[in-house]
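Student: Give the three-dimensional model of this entry:
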Amino acid sequence: MQMIPLFVAIPLGAAFFIPMVARKRPRVADTLANLTTLALLLMAISVIGKNGVYWMGGWGPLKHIPLGIDLVLDGVSVFMLITITLISFLVTIYSIQYMDKFTAKARFYALFLLMVAGMNGVALTGDLFNLYVFLEIASIASYALVAFGCEHEELEASFKYLVLGSVGSTLILFGVAMTYAVTGSLNMAQVSAMIGGDLKPIHLFIVALFISGFGLKAALVPFHAWLPDAHPSAPAPISAMLSGVLIKTIGVYAMARVMFNVVGMTPLISYVLMVLGTISMIVGVLLAMGQDDIKRFLAYSSISQVGYVVLAMGIGTRFAIAAGLFHLINHAVFKSLLFLNSGAIEYATGTRDLNKMGGLREKMPVTGTTSFIGSMAIAGIPPFSGFWSKLFIILAAIQAQRYGFATWAAAVSVLTLAAFMRLQRRAFFGEPREASQTAKEVPGTMQASMIGLAVLCIVMGFLWLPQARDTFLMPAARVLQEGLNYASNILGM
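Tutor: Sure thing, here's the model as predicted:
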């Protein structure tokens, strides 16, 4: 599979190339960045249903012992590549005109593509240390992007994000180092074969380090303190990427990959994940309901929605994992849409304060309509995509006889509907307030991106139809649910 390293090489190369060629012609940066993300999306679509291992430098395993570093293409890594590249492409379209109000747009695209390269690397790597390296590439780029406006608020939020993100990275690095000390290997498949699901106290300590580190990256409660500051402060395209894909890729996906395929899921780990997911669902939506800053409101709701995915992973059945992955990609779409909507509102009104809005639906019909669709999707109202993924998570919990967790998941969905109805009423309905008086619809590329995501909120419910589910969702769920078979698939054992 010679294409596999291109998912990392292409955005890395473009990140260094764009600032050099865009010095005299700034619009070249828009063209190259969008062509890069489009190429990555088309490549991701082309590998659906394919599996393969790319051994760097040709150093493959010898008698089932890995000699080199591997990149792994399987059902779940393909799923993540589709999620990352789809949102990245739509966000770069939105950025064409939105980022004109910032300076150094070429540098923005360079950092953006570095973040994409890091996330793609996290999705593909089969080596624990390289998981940490790619995770840090994505994280460091995101720290700079949060501060891209260079105002006091952005710099303060970025510093807080950097400090807490570094704590998470350090915990993960300690976990990687201790894994190497115990097993003598960093290859995920070999570590999986050596531990074999037989977790001793030292292994449980390593698991605790990984859950804490990845929990910080995913902003799970109680590791969530950085997110409500970072997301509102970042430019809208970066808020969409942070909530839409970054916290899921370097947090939820990385945690799931390690727990299922490397150390092996146990009843204790399963219960911890279910509890963390449920607490995040409840705390996130309750904190969101008291927010007047629209982007801060959306940031807290991200904490709540990620809780659904982690709850599903904790349940651990193939049906639950598939439902969790379904909600992951659905949330990537509708949360990206809602953050782009918030960026459009700020672009048109100059404020994020809901108390200064009102009546925007008449002045910004495209933004108002797409925001309503995104709100209905995240609240789980049929026939929008979020309804199906939430329903299947609740059904999976009932099927696994986790009735208490199913009840909480249903209750949080009702609270989410109440919270987003409040958002719609204050921003788009009623009498126009001071900031809404001169508002008008945003430029065309911003509208196009929002419309594209809104259409996906409607049609992605069809992903659960048998043909789409068996081609896209179930292969990803199977890789995680089969757990330690990962070792034999990679090393041929």
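
Student: Where does the prediction get shaky in this protein?
Tutor: The chain contains residues with pLDDT under 70 at 1, 60-67, 149-151, 197, 434-437, 492-493.

Student: Point to the residue nearest the middle of it.
Tutor: With distances taken as Cα atoms, centre = their mean, Val245 lies nearest the centre of the chain, 2.1 Å away.

Student: how near is that residue to Gly368?
Tutor: For Val245, the distance to Gly368 equals 25 Å [Cβ to Cβ, to the nearest Å]. C-beta coordinates here come from the backbone N, C-alpha and C atoms, glycine included.

Student: what residues are up against the nearest residue to Arg257 once chain neighbours are set aside?
Tutor: Spatial nearest neighbour of Arg257, excluding adjacent residues (Cβ to Cβ, 6 or more residues apart in numbering): Val76 at 7.1 Å. Contact analysis of Val76 by Cβ atoms under 8 Å, 6 or more residues apart in numbering lists 253, 256-257, 325, 475-477, 479-480.

Student: run the last query once more with 6 Å
Tutor: When contacts are counted by Cβ atoms under 6 Å, 6 or more residues apart in numbering, Val76 is found next to 476, 479-480.

Student: Just the closest of these to Leu216, please.
Tutor: Leu480 (21.4 Å; Cβ to Cβ).

Student: Verify the stated contact: the residue nearest to the centre of the chain with Ile87.
Tutor: Yes. With contact defined as Cβ atoms under 6 Å, Val245 and Ile87 form a contacting pair (5.1 Å).

Student: okay, and the common contacts of these two?
Tutor: In contact with both Val245 and Ile87: Ala332, using Cβ under 6 Å, 6+ apart.

Student: picking up where we left off before, quickly find the element holding the residue nearest to Arg257.
Tutor: Assigned by DSSP states H and E, Val76 belongs to helix 75-98.

Student: right, and the helix or strand after that helix?
Tutor: Sequence order places helix 105-124 as the next helix or strand after helix 75-98, per DSSP H and E.

Student: For that next one, list every residue counted as buried.
Tutor: 105-124 (16 or more other Cβ atoms under 10 Å).

Student: With stretch 450-461 instead?
Tutor: Buried residues in stretch 450-461, counted by 16+ other Cβ under 10 Å: 450-454, 456-457, 460-461.

Student: can I get those in CSV with secondary structure and distance to Leu391?
Tutor: CSV is the format used below for the buried residues of stretch 450-461 (DSSP: H, G, I helix; E, B strand; the rest coil; distance: Cβ to Cβ, whole Å):
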residue, secondary structure, distance to Leu391
Met450, helix, 26
Ile451, helix, 26
Gly452, helix, 25
Leu453, helix, 21
Ala454, helix, 21
Leu456, helix, 18
Cys457, helix, 15
Met460, helix, 14
Gly461, helix, 10
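
Student: Out of those, the closest to Val333 would be?
Tutor: Taking Cβ to Cβ as the measure, Leu456 is the one of those closest to Val333, at 4.8 Å.

Student: Which residues are in contact with the residue nearest to Leu338 when sequence neighbours are not counted?
Tutor: For Leu338, ignoring the flanking residues on the chain, the nearest one in space by Cβ to Cβ, 6+ apart is Gly374 at 4.5 Å. Gly374 sits next to 334, 337-338 when contact means Cβ under 6 Å, 6+ apart.

Student: Also Ile294?
Tutor: Neighbouring residues of Ile294 by Cβ under 6 Å, 6+ apart: 342, 352, 354.

Student: distance of the first one from Ser280?
Tutor: Looking back up the chat, that one is Ser342. Per Cβ to Cβ, Ser342 is found 21 Å from Ser280.

Student: go on, Leu42?
Tutor: Using Cβ to Cβ, we find Leu42 at a distance of 34 Å from Ser280.

Student: When those two are compared, which one has more neighbours?
Tutor: Between Leu42 and Ser280, counting by other Cβ atoms under 10 Å, Ser280 is the more crowded of the two (29 against 11).

Student: May I ask which helix or strand encompasses that one?
Tutor: helix 267-288.

Student: Counting neighbours, which bits of that helix end up buried?
Tutor: Applying 16+ other Cβ under 10 Å to helix 267-288 flags 269-270, 272-274, 276-285, 287-288 as buried.

Student: Same question for stretch 217-230.
Tutor: 217-221, 223-224, 226-230.

Student: ok, back up a step: in helices, which of the contacts of Gly374 fall?
Tutor: Using DSSP state H, the subset of the contacts of Gly374 located in helices is 334, 337-338.

Student: By neighbour count, which of the residues you listed wins?
Tutor: Among the ones in helices among the contacts of Gly374, the one with the most neighbours (other Cβ under 10 Å) is Leu338, at 32 neighbours.

Student: Distance check, that one against Ala177.
Tutor: From Leu338 to Ala177 the distance is 39 Å (Cβ to Cβ).

Student: same question, Ile345
Tutor: 45 Å.

Student: ditto for Val28
Tutor: 43 Å.

Student: mind giving me CSV with the buried residues of stretch 450-461 and columns for distance to Leu155?
Tutor: Shown next, in CSV, are those (distance: Cβ to Cβ, whole Å):
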residue, distance to Leu155
Met450, 28
Ile451, 34
Gly452, 32
Leu453, 29
Ala454, 33
Leu456, 34
Cys457, 34
Met460, 37
Gly461, 41
